[in-house]
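Undergrad: coords please:
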Amino acid sequence: MMEKKLIGMISHFYPKISVAVVDLTDTLRVGDKISIERSSGTFEQVIESMQIEHENIREAKKGQSIGLKVNEVTREGAKVFKVIE
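TA: The predicted structure follows:
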């Protein structure tokens, strides 16, 4: 059974480079599977890389804002969930 935990919201999306800025409410690590849910649909992906201030990081904590390459178009206000399998 798959479980999901809300870990943040998208505060900005850069469509030309397909990067979302995520304001975190919990810890997120490279390799975690996430689900991004917006009114036009939902998609899942595994975190391959993330950045803070253009520096690659392996883990981000609650309260941080990260840049995240996303596989599909999203928008501000979309909810980000960690998928727990």
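Undergrad: could you find the closest non-adjacent residue to I7?
TA: Of all residues not flanking I7 in the chain, D26 sits nearest, at 4.1 Å (C-beta to C-beta, 6 or more residues apart in numbering). (Glycine included, C-beta is placed from N, CA and C.)
Undergrad: for that neighbour, grab phi and psi.
TA: Note on D26: backbone dihedrals following degrees, to the nearest 10 are phi -160, psi 170.
Undergrad: list the contacts for it?
TA: Residues near D26 by C-beta atoms under 8 Å, 6 or more residues apart in numbering: K5, L6, I7, G8, K62, K82.
Undergrad: nearest to E76, of those?
TA: G8 (12.4 Å; C-beta to C-beta).
Undergrad: tell me what the closest one is bridged to.
TA: L24, V80 (DSSP bridges).
Undergrad: kindly report the same for V19.
TA: Where V19 sits in a bridge, its partners, by DSSP bridges, are Y14, K69.
Undergrad: wait, isn't it in contact with N71?
TA: No: shown here, V19 and N71 do not form a contact pair, counting by C-beta atoms under 8 Å, at 11.4 Å.
Undergrad: doesn't E76 make contact with R38?
TA: No: using C-beta under 8 Å, R38 is not in contact with E76; the gap is 9.4 Å.
Undergrad: V19 and N71: who's more crowded?
TA: Between V19 and N71, V19 has the larger neighbour count (other C-beta atoms under 10 Å), namely 17 against 12.
Undergrad: may I see the contacts of D26 organised as a markdown table, with pLDDT, neighbour count and distance to T42 added?
TA: Output for the contacts of D26, formatted as a markdown table (pLDDT from 0 to 100; neighbours: other C-beta atoms under 10 Å; distance: C-beta to C-beta, whole Å):
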| residue | pLDDT | neighbour count | distance to T42 |
| --- | --- | --- | --- |
| K5 | 97 | 11 | 15 |
| L6 | 97 | 13 | 13 |
| I7 | 98 | 21 | 15 |
| G8 | 98 | 26 | 15 |
| K62 | 97 | 12 | 23 |
| K82 | 97 | 19 | 14 |
